[in-house]
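S.K.: mind folding the following:
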Amino acid sequence: EAPAATNAAALQRALDGGRRTVQVTRPGVYGLDRTVWLDGDTRLVFSPGAVLQKRAAYVHVLANRGLAAWTWQTNIVIEGATVDVNSFSAGHDENSPMFGNRGQVSFCRVRHLTVRNFTCLNLHGGQYGFQIAAFENVVLDGFEIRGQKDGVHINAGRKFAVRNGTLETGDD
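M.R.: Coordinates of the predicted model:
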């Protein structure tokens, strides 16, 4: 029941620097008001019933730091993440270095990424549920994405598997 800014800051502090496993073990809806950035060598695990819910119009809920910093990250795992977009939509302006990258869970310049049991609900506007770009060795396994835009958006990369999912979106 903490404010969205408090939740976002706490999760970011737990993840900063990588080389760790972070577990969200308490079920509940965790409001967020900004992107939470992941570094390399990170494993982020959510217990059933833990939901990240957008409470403001910003682009990514979870993204790797390389998307914004133009650096590569390796060895990122996300398990059990549920994102409620809460009908918020936002995009980057055309001068942004991230222009065109607009996934709720989004990665660019990443190697060895695994996302398992991902749920994205209430997808709205011009954003995607899951997006990867400039990648190598990515697995998206077990997902449910529902809403009005692309569920899974794949840009240039190599060696990937997208399997065991349900898409109920306006564009997939």
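S.K.: contacts and neighbour counts: CA atoms only from here.
M.R.: Noted.
S.K.: now do the longest helix seen in the chain: which elements does it pack against?
M.R.: Using DSSP state H to define each element, the chain has its longest helix at helix 4-15. Counting contacts by 3 or more CA pairs under 8 Å, 6 or more residues apart in numbering; DSSP states H and E, helix 4-15 is packed against strand 28-32, strand 36-38.
S.K.: roughly how far is the shortest one from the heart of the chain?
M.R.: Taking the mean of its C-alpha atoms, strand 36-38 sits 9 Å from the chain's own mean (CA atoms, centre = their mean, to the nearest Å).
S.K.: sheet-wise, list the partners of that strand with their directions.
M.R.: strand 62-64 (parallel) (DSSP bridges).
S.K.: which residues sit against the helix or strand where Leu67 lies?
M.R.: For Leu67, the host element (DSSP states H and E) is helix 66-69. When contacts are defined by CA atoms under 8 Å, 6 or more residues apart in numbering, helix 66-69 is touched by residues Asp39, Trp72, Gln73, Pro97, Met98, Phe107, Cys108, Arg109, Val110.
S.K.: so which of the residues you listed sit within helices?
M.R.: Short answer: these have none in helices (DSSP H).
S.K.: where strands are concerned, which of those count?
M.R.: Gln73, Phe107, Cys108, Arg109, Val110 (DSSP state E).
S.K.: follow-up on the earlier one: what are the buried residues along the helix holding Leu67?
M.R.: For helix 66-69, burial by neighbour count (16 or more other CA atoms under 10 Å) applies to Gly66, Leu67.
S.K.: now stretch 14-25
M.R.: For stretch 14-25, by 16+ other CA under 10 Å, it's Leu15, Asp16, Gly18, Arg20, Val22, Val24.
S.K.: any idea which helix or strand in the chain has the lowest mean pLDDT?
M.R.: helix 66-69 (a mean of 89; mean pLDDT, DSSP states H and E).
S.K.: so which of the contacts of helix 66-69 comes closest to Phe88?
M.R.: Among these, Met98 lies closest to Phe88 (CA to CA), at 18.6 Å.
S.K.: ok, the closest one - how many residues close by?
M.R.: 16 (other CA atoms under 10 Å).
S.K.: equivalent analysis for the one 10 residues further on, please.
M.R.: Other residues lying near Cys108 total 27 when counted by other CA under 10 Å.
S.K.: so what's the residue nearest the centre of the chain bridging to?
M.R.: Centroid-nearest residue in the chain: Val105, 1.8 Å away (criterion: CA atoms, centre = their mean). With DSSP bridges as the criterion, Val105 is bridged to Leu62, Phe130.
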